[in-house]
Structures are given as structure tokens and as C-alpha cells.
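Q: okay, here's the prediction I keep looking at, along with the sequence it came from:
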Amino acid sequence: MSNKKTIFRCQQCGYVSPKWLGRCPDCQSWQGLVEEMAIKKSSRGASLSSRAQPLALADIPFESEDRLQSGIGEWDRVLGGGLMPGSIVLLAGDPGIGKSTLLLQAMAQLAQTRRVLYVSGEESPQQLKLRALRLKIEAPNLYIFSENSLEALLEVIEEKPPEIVAVDSIQTFHSRQLDLAPGSITQVRECTARLMREAKERNIGIFLIGHVTKEGSIAGPRALEHLVDTVIYLEGDRTHTFRLLRAVKNRYGSTNEVGVFEMKELGLEEVPNPSQLLLAERPKGVAGSVVACSVEGTRPLLVELQALVSTTGWMQPRRTSMGVDSNRLSLLLAVLEKKLGFNFAQHDVFVNVAGGVRLLEPAVDLAMTTALVSTYLDRPVPPDLVIWGEVGLAGEVRGVGHTAIRAMEASKMGFSKYLMPKSNADRLSQELAGDCIGVRSLQEVLEIVFNKG
Ligand SMILES: Nc1ncnc2c1ncn2[C@@H]1O[C@H](COP(=O)(O)OP(=O)(O)O)[C@@H](O)[C@H]1O
Ligand SMILES: [Mg+2]
């Protein structure tokens, strides 16, 4: 029997089958299974004598954290205070969102004092030089290397080890040890695992860029997330200039921290006051437009949420949501119908978050519901009103966290009325309370905001 065993692996989810299948039984994607050479697992080799011994926690020497800071505040904060040497960070995002731009900027900053290697499998040195000129980047210790072979990269690192390596993008790299195309799930995993070893052995900090594929996952769904130490996503709408950098996994810091950037001529620029930018074009006194307060990590964001309800011309009315979860929208519509007697069966419903921001918190429920009621009744809400709170299936308004942070941000931005869950309002300190309206149910919102009994 040949010892070259082949397997078939789904390029989307990593499911392995001994024979070819047209459709992956796990993730149901079509044409996803590709033939690969099975990689032999090393036998549980290390002999007892060479095995490391367990250490008492108290005996483990403590090395103070010396994080590598870029000086770009938003970037360092999302990483938990800077890059940990010996760790590997995956920077993921849609194609064209600005990953290469942001990484080059951060590397240039880090290269002011350290030796940094930027390896690109996507662009030539000339193209990278052009980008650097466009971004007005000057960094004498930043070394550029156009290559997509993992072995070549490892050799270069061995010859003259840099402190930090940036790899753009991991999907373009391939290892000669595997007879597979770059970008296939096994190649991407193998390259990442070998780089991980390199990072740990040499105490190098490594950044990897990963493109999110159409299905919204990196090189087949999240195939890399468990391999690396930190995963950060650069999000935003390409038609807008606003970008959020979000940590979704961090072995060396808090997750769900966000950094806010704006895409400008000179690349991505930090935004110290995102609420101001997001509310800049808000129309006042218009039905369907409300201001929500969402907290991303520890960052409060005031965002304009817009809803539009219009008579449908279709058998099946449309439900379109941008920036909020579509399931959440369906749920809130159902609550409005069942509990408050609204009828959306003959209406198309659209919800949009201004600025191309994505709001993931259930705390935007109350704002979304108020926007829907406002457009349905064609009655604007007061322009100085900010709204937050979660809505339950019984039409009750539930308390959310970070009340004080939200109220402070709203007050800083000149808002004077806050619509929030009663339980939050009760606990708000006197000086922050302002004109605070605590509500227990959607019925109360109708009565208080729209004067409808
Ligand atoms: N030479 C250029 N001139 C002007 N804008 C550019 C140029 N190259 C890239 N951009 C802009 O910068 C954005 C981000 O590009 P890039 O950082 O390469 O994205 P990613 O690496 O995420 O695919 C692009 O969508 C494009 O609009
Ligand atoms: Mg790129």
C-alpha cells in the first residue's frame, strides 16, 4: 500500500472526507472539497528524558511585559497596549478595506526604533515604495521583501532576525513542503503554524494579513483564529471613510476593544472623537432618524440610526438592514406587531446605520424600535434625544451595561434627553441624570415620546 494517503478537505470549513463529495456534509457548500496529501502526524515522539518538566507557578521567572508600541494610539490600544514580542497577530478584513495601508503605517512607526521586515506576496517593492511615498512614510529600518515562499521568508529571518515581521497576506504564501496551491486551507494553516513556531522560538512579533472571503471568514471559516494569539478585524463600508479596528481574540489583552480610524489621503488617521464625525450629517427633526448610543469595548459611540417604512409593491414585503443584525430587526418588528398592534405586513422596512458602522450590541434595540415607530407614525423624535436599551420579546425594555459612559458621551456631545431602561435610569447619579427618561416597556415609549396611549 502506498504511504501517500490523500484526503479531501472542504476549503470553506476544513471538513475532511476520505472520498470526494460534491457537497460538504458539514457546511453544505458546493464544490468545496479539494484533494490533498494527508500530513502525517508526528508520533507522540519526545522521549521522557527530553520532555520539559512541570514547574511550580511560584518558580516561573517573571519577565516584565515589554510591549512593542507603535505610537498609533488606537492601534496599540486594540492590541492591549502594544504588540507582545513572540506573539502572532492576525489582521483580517474585506479586500480593499485598508489592511495593507494600516499595517504599513504601523510598521513604519515601529521601524523608527526597531528592525522591521514587511513581506508582501501581493505587491512588488516598487508598488510598496509608491504606497509609502503616497502615505509620506519615512522609515530607514523598514525592510521590504516581495516573496510568497515560506521557506524563503524563514531563511531571510534566520540570516538577520528582525524584531517584527509583517506578512501581507497569509493567503498568498505557500510552503514547498506541501504540493498545494497558495490560499488553500492546509497551506494557510501550515504557513501560520510554522510562523507561530518562529515567533515563539525567536521572540519575534508577527503580523499576518488575512482576507475575509465572501462567506465572511478567513481562508475558510476562521481556520486561523485558534492558531494565532490575537485576531483583529478592520471593518467598515468601502464607500465610507470610517473604519473600526476590533479585537475579537486576544491572549494578551482584553477583547472587544475598538480603535477608530478615518481613511484619508495620507492613509488611516486616528479619530479622537468618533461621535462627532458620525453625527456630522444628521438631519434634525426628520421622522425615522434617531441617535443611538452603543458601547464598543470601552468606547461609547453616538450613531445615527435611520429607519424607513414604505408601502410595498411586492407580495413579500422587503426587510433590509445595513449595520444591524437582520434577525434582530425581524424580532423587533414582530414585537411591535404583536404587542403594540402595528402592522408591517403591507410595508417594506429599511434600517441603516449612518457612516457604514456595524452595531452588534443588543443595546441598540430600543433606538431601532423607536426609529421604526417614528417612521411608521411619521413623527420625528426630539433632536436632542439619545436612546439605548435592550428590547425583550414581551415588549419590555431591559437594562444594559455602561450607563454612565453612555450618559457622559451624550452629555459631551450636547444632548440633554436620554431615553433608557428604567433600571438604568434608577442607578444613574444625580449629576449625570439630566433629562433622563426611564422606560419599562415599549408601551411607555409610545406614551412618552409619541404621546400615544
Ligand atoms: N495608489 C492608490 N491611490 C489612491 N488610493 C489608493 C491607492 N492604493 C489603494 N488606495 C485606496 O486605499 C484603500 C485600501 O487599500 P489597501 O490598504 O490596499 O486595502 P487592503 O490591503 O485591505 O486590500 C483602497 O480601497 C483604495 O481605495
Ligand atoms: Mg492589501
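A: Here it is on my side, so go on. Ligands and ions are numbered 1, 2, ... in the order given.
Q: show me the domain layout of this protein.
A: Domain ranges of the chain: 6-37, 68-272, 276-450, per automatic domain parsing.
Q: tell me which parts of this protein are close to ligand 1?
A: 93, 95, 96, 97, 98, 99, 100, 101, 134 (C-beta under 6 Å from any ligand atom). (Each C-beta comes from the backbone N, C-alpha and C, glycine too.)
Q: with pLDDT as new columns, can these be given to me in a markdown table?
A: Converted to a markdown table, the residues of the chain next to ligand 1 look like this (pLDDT from 0 to 100):
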| residue | pLDDT |
| --- | --- |
| 93 | 90 |
| 95 | 88 |
| 96 | 90 |
| 97 | 92 |
| 98 | 94 |
| 99 | 95 |
| 100 | 95 |
| 101 | 95 |
| 134 | 94 |
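Q: burial count for the residue in the stretch 201-350 of the chain positioned nearest to ligand 1?
A: Here the residue of the stretch 201-350 of the chain nearest ligand 1 is residue 238; by C-beta to the nearest ligand atom that distance is 6.1 Å. Using other C-beta atoms under 10 Å, residue 238 has 13 other residues around it.
Q: quick one: contacts for it?
A: Going by C-beta atoms under 8 Å, 6 or more residues apart in numbering, residue 238 touches 94, 96, 97.
Q: for whatever residue of the stretch 101-250 of the chain ends up closest to ligand 1, helix, strand, or coil?
A: Residue nearest to ligand 1 within the stretch 101-250 of the chain: residue 101 (3.4 Å; C-beta to the nearest ligand atom). Following DSSP: H, G, I helix; E, B strand; the rest coil, the label given to residue 101 is helix.
Q: in space, what's closest to it - neighbours in sequence excluded?
A: residue 267 (4.9 Å; C-beta to C-beta, 6 or more residues apart in numbering).
Q: show the contacting residues for the one you found.
A: Neighbouring residues of residue 267 by C-beta under 8 Å, 6+ apart: 98, 101, 102, 104, 105, 135.
Q: recalculate using a threshold of 7 Å.
A: Neighbouring residues of residue 267 by C-beta atoms under 7 Å, 6 or more residues apart in numbering: 101, 105, 135.
Q: pLDDT wise, what is it at?
A: pLDDT recorded at residue 267 is 93.
Q: cool, the one 4 residues further on as well?
A: We have a pLDDT of 91 for residue 271.
Q: who touches it in this structure?
A: Residue 271 makes contacts with 260, 261, 262, 277, as judged by C-beta under 7 Å, 6+ apart.
Q: any weak-confidence spans in the stretch 351-453 of the chain?
A: The stretch 351-453 of the chain contains residues with pLDDT under 70 at 433-434.
Q: rerun at 80
A: Residues of the stretch 351-453 of the chain that meet the criterion pLDDT under 80 lie in 429-434, 453.
Q: neighbours around the residue of it found nearest ligand 1, how many?
A: Using C-beta to the nearest ligand atom, the closest approach of the stretch 351-453 of the chain to ligand 1 is made by residue 356 at 13.2 Å. As a burial measure, residue 356 scores 19 neighbours (other C-beta under 10 Å).
Q: quick one: the residue nearest to residue 101 from residue 391, how far?
A: Note on residue 267: its distance to residue 391, by C-beta to C-beta, to the nearest Å, is 40 Å.
Q: could you report the pLDDT at residue 48?
A: So, for residue 48, pLDDT stands at 56.
Q: the residue of the stretch 351-453 of the chain closest to ligand 1 against residue 236, yeah?
A: Yes. The criterion here is C-beta atoms under 7 Å, and residue 356 meets it with residue 236 at 5.5 Å.
Q: hang on, the earlier thing: ok, the residue of the stretch 101-250 of the chain closest to ligand 1 - contacts?
A: So residue 101 contacts 135, 267, 268 (C-beta under 7 Å, 6+ apart).
Q: secondary structure added to those residues, as TSV?
A: Formatted as TSV, the contacts of residue 101 follow (three-state DSSP):
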residue	secondary structure
135	coil
267	strand
268	strand
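Q: count the neighbours of residue 213 for me.
A: 17.
Q: okay but residue 350 is in contact with residue 308, surely?
A: Yes. The pair residue 350 and residue 308 qualifies as a contact (C-beta under 7 Å) at a distance of 4.5 Å.
Q: residues making contact with the longest helix anywhere in the chain?
A: Counting residues, the longest helix in the chain under DSSP state H turns out to be helix 185-202. Contacts with helix 185-202, where a contact means C-beta under 7 Å, 6+ apart, come from 9, 11, 14, 36, 86-88, 150, 154, 157, 161, 167, 170-171, 173-175, 178, 180, 204-206, 208, 219-220, 223-224, 227-228.
Q: if I read this right, residue 99 contacts residue 90, doesn't it?
A: No. Counting by C-beta under 7 Å, residue 99 sits too far from residue 90 to count as a contact (10.5 Å).
Q: the longest strand seen in the chain pairs with which strands?
A: Counting by DSSP state E, the longest strand found in the chain is strand 299-311. For strand 299-311, the paired strands and their directions (DSSP bridges) read strand 289-296 (antiparallel), strand 347-353 (antiparallel).
Q: average pLDDT for the first one?
A: This means strand 289-296. In this model, strand 289-296 has an average pLDDT of 93.
Q: cool, and stretch 158-175?
A: 93.
Q: let's verify residue 171: helix, strand, or coil?
A: Relying on three-state DSSP, one would call residue 171 helix.
Q: now do it against residue 387, distance only.
A: 41 Å.
Q: quick one: which of those two has more around it?
A: residue 387 (29 against 23).
Q: surely the more buried one and residue 367 touch.
A: Yes. With contact defined as C-beta under 7 Å, residue 387 reaches residue 367; the gap is 4.1 Å.
Q: so, low pLDDT: which residues of the stretch 151-300 of the chain?
A: In the stretch 151-300 of the chain, residues with pLDDT under 80: 213-223, 255-257, 297-298.
Q: try 70
A: In the stretch 151-300 of the chain (pLDDT under 70), the answer is 214-222, 256.
Q: can you show me the helices along it?
A: Counting by DSSP state H, counting those that start in this stretch, the stretch 151-300 of the chain has helices at residues 185-202, 274-279.
Q: could I get those as a markdown table with distance to residue 431 and mean neighbour count?
A: Converted to a markdown table, these look like this (distance: least, C-beta to C-beta, whole Å; neighbours: other C-beta atoms under 10 Å):
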| stretch | distance to residue 431 | mean neighbour count |
| --- | --- | --- |
| helix 185-202 | 48 | 20 |
| helix 274-279 | 20 | 20 |
